[in-house]
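K.L.:
here are the coordinates; sequence isn't available:
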């Protein structure tokens, strides 16, 4: 029988079913360095996460897949999706932005559109940013 994956609010913290209108930003190293640069497979019940990888890289697990990633990249992780990371020690740096999905309600009428777009982008969780050109605003 497979072991159930841990369910966290933020990695290492107990689930918080009362969390709403929650946004948290921290560096990758602040949490991963104390865990030997490894974030074991886990889930979040109600947090969408975006990791911005500025330096370094590593491997991530998403459900049953293992994917490499390298800076610069964004990683999009919807709520409830099993994921874990093995960062390149002392080299990988960037940001982890975590938010409850209700935060998008602040966008008003476009909130559903924004969340749907994020979820669609997360179908391929690693988004390379190298060579990305800013598109002109029409």
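P.N.:
Received it, and whenever you're ready, just let me know what you need. Treat the numbers as computed from the prediction; the structure is a model and nothing was measured.
K.L.:
Tell me which other helices or strands the longest helix seen in the chain touches.
P.N.:
Of all the segments assigned as helix in the chain under DSSP state H, the longest by residue count is helix 111-121. For helix 111-121, the contact count by 3 or more Cβ pairs under 8 Å, 6 or more residues apart in numbering; DSSP states H and E identifies no helix or strand as a packing neighbour. (Each C-beta comes from the backbone N, C-alpha and C, glycine too.)
K.L.:
give me that answer again for 10 Å
P.N.:
Of the remaining helices and strands, those touching helix 111-121 by 3 or more Cβ pairs under 10 Å, 6 or more residues apart in numbering; DSSP states H and E are strand 47-55, strand 73-77.
K.L.:
Leaving out sequence neighbours, find the closest residue to the residue nearest the centre of the chain.
P.N.:
Computing the C-alpha centroid of the chain and ranking residues by Cα atoms, centre = their mean puts residue 49 first, at 3.3 Å. In space, and not counting its chain neighbours, residue 49 is closest to residue 77: 4.4 Å by Cβ to Cβ, 6 or more residues apart in numbering.
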